[in-house]
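J.: here is a sequence together with a model predicted from it:
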Amino acid sequence: METVAIAPSFSLAGKRVWVAGHRGMAGSAIVRRLEREECAILTATRQQVDLRRQAEVEEWVAEARPDVVFLAAATVGGIHANNTRPADFLYDNLVIETNIIHAAHRVGVQKLVFLGSSCIYPRLAPQPMTEDSLLTGPLEPTNEWYAVAKIAGIKLCQAYRRQHGCDFISAMPTNLFGFGDNFDLQQGHVAAALLAKIHAAKVEGAPEVVLWGTGSPRREFLFVDDLADGLVFLAKNYSDEPHVNVGTGTEVTIRELAELIAGVVGYTGTFRQDTSKPDGSPRKLMDVSRMTAMGWTAPTSLREGFAQTYRWYVDALETAGALRGVN
Ligand code: GFB
């Protein structure tokens, strides 16, 4: 097994911790996790700071003076969103990470954790994908814009570490799901889209649900609250240049995912594949031996994670329905 140097423990106690992107699925999970630490959590709304505007970011960071930053702010989406909005995915993500990383350096942030993505690896990287497979081959075309921006973020952290001695680290989450996901059928990722579609089919009594692509691509899914726990673990225990994969090390086909979600939702209809829609990467499975060697593994099973997410989703629909009734 790989050995990874555990850094002398970095304490969050008494620190001012900025979660950039706290309204998003990953950012809000990080806030939930940090509530168990003895730190002050800082957040900024979009009205307070447009993270794409350098002057606004620098001004806010200079005033807020965070000691620690979790950089979870990003323009994200599923395969269709990535494929059809390449400028948003490249521009927004490059500029957000550049502004925050540079501002963090200027005010002397003690620790910054940058969030990347498993799509940084080559489309046909050997599986499971080790951190070392970065930049060894061509990217998956449906999300290369997002991937290029995230690779730049890793390199920014490494460059500021080398040139300025900043303790900036990068974590690469695998495909995520959980509370606060984007359940939009066009823009969302597969996990949220299938949960929403399968729930709607159950409620409407529809006999079948359409899945995009062939159903055979393989993906790894991590419950977002487990991701947040892994990120806090890394903030405390890791301080080095290489980025670190955060996943479960297990995978399912898209078809198996649909069947698992149907079991959670209680849907008994069938699935039809729409092969006019893209498959994307044939397989994306993380090698998580660096995290495992440091002593962290994801605690929540796929079924339990989806059961919790489904309960959250039904509650959110009911709350939205009740609010519509009031207004
Ligand atoms: O999560 P997802 O949209 O993106 O999953 P990626 C796409 C896979 O799920 C493809 C299939 O194989 C699709 O054909 N699929 C089946 C569906 N039904 C659906 C559906 O209703 N909606 C969606 N969205 N897909 C993402 C990147 O790639 O990986 C992100 O787009 C990020 O930027 C993430 O990097 C980690 O897994 O292909």
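T.: The structure has been received and is ready for your questions.
J.: got the phi/psi numbers for Asn175?
T.: Note on Asn175: backbone dihedrals following degrees, to the nearest 10 are phi -60, psi 130.
J.: relative to Arg272, how far out is whatever residue of the stretch 151-300 of the chain ends up closest to the ligand?
T.: Nearest to the ligand in the stretch 151-300 of the chain, going by Cβ to the nearest ligand atom, is Gly213, at a distance of 2.7 Å. Any C-beta I mention is one placed from the backbone N, CA and C, and that applies to glycine too. The spacing between Gly213 and Arg272, counted by Cβ to Cβ, to the nearest Å, is 12 Å.
J.: neighbour count: these two, which is higher?
T.: It is Gly213, of Gly213 and Arg272, that has more neighbours when counted by other Cβ atoms under 10 Å, with 18 against 12.
J.: that one is in contact with Ile254, isn't it?
T.: Yes - applying Cβ atoms under 8 Å, one finds Gly213 in contact with Ile254, separated by 6.7 Å.
J.: so which helix or strand takes in Ala62?
T.: helix 54-64 (DSSP states H and E).
J.: now the longest helix anywhere in the chain: buried residues?
T.: Assignment by DSSP state H gives helix 302-326 as the longest helix of the chain. If you call a residue buried by 16 or more other Cβ atoms under 10 Å, then helix 302-326 has these buried ones: Leu302, Gly305, Phe306, Gln308, Thr309, Tyr310, Tyr313.
J.: using TSV, lay out the residues you listed together with pLDDT.
T.: Listed next are the buried residues of helix 302-326 as TSV, based on pLDDT from 0 to 100:
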residue	pLDDT
Leu302	98
Gly305	98
Phe306	98
Gln308	98
Thr309	98
Tyr310	98
Tyr313	98
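J.: so does the strand or helix carrying Ala171 get close to the ligand?
T.: In this structure, Ala171 sits in strand 168-173 according to DSSP H and E. No - on the criterion Cβ under 6 Å from any ligand atom, strand 168-173 is out of touch with the ligand, staying 7.4 Å away.
J.: ok, the closest residue in space to His80 that isn't next to it in sequence - how many residues close by?
T.: In this structure, His80 finds its nearest non-sequential neighbour in Gln186, 5.7 Å apart by Cβ to Cβ, 6 or more residues apart in numbering. Gln186 has 11 neighbours, counted by other Cβ under 10 Å.
J.: helix, strand or coil for Gln186?
T.: The assignment at Gln186 comes out as coil when based on DSSP: H, G, I helix; E, B strand; the rest coil.
J.: wait, it touches Asn82, no?
T.: No - proximity of Gln186 to Asn82 does not meet the contact threshold set by Cβ under 8 Å, at 11.7 Å.
J.: the strands in the stretch 201-327 of the chain, which residues?
T.: Along the stretch 201-327 of the chain, counting by DSSP state E, counting those that start in this stretch, strands occupy 208-212, 218-219, 221-223, 244-246, 252-253, 270-274, 283-284.
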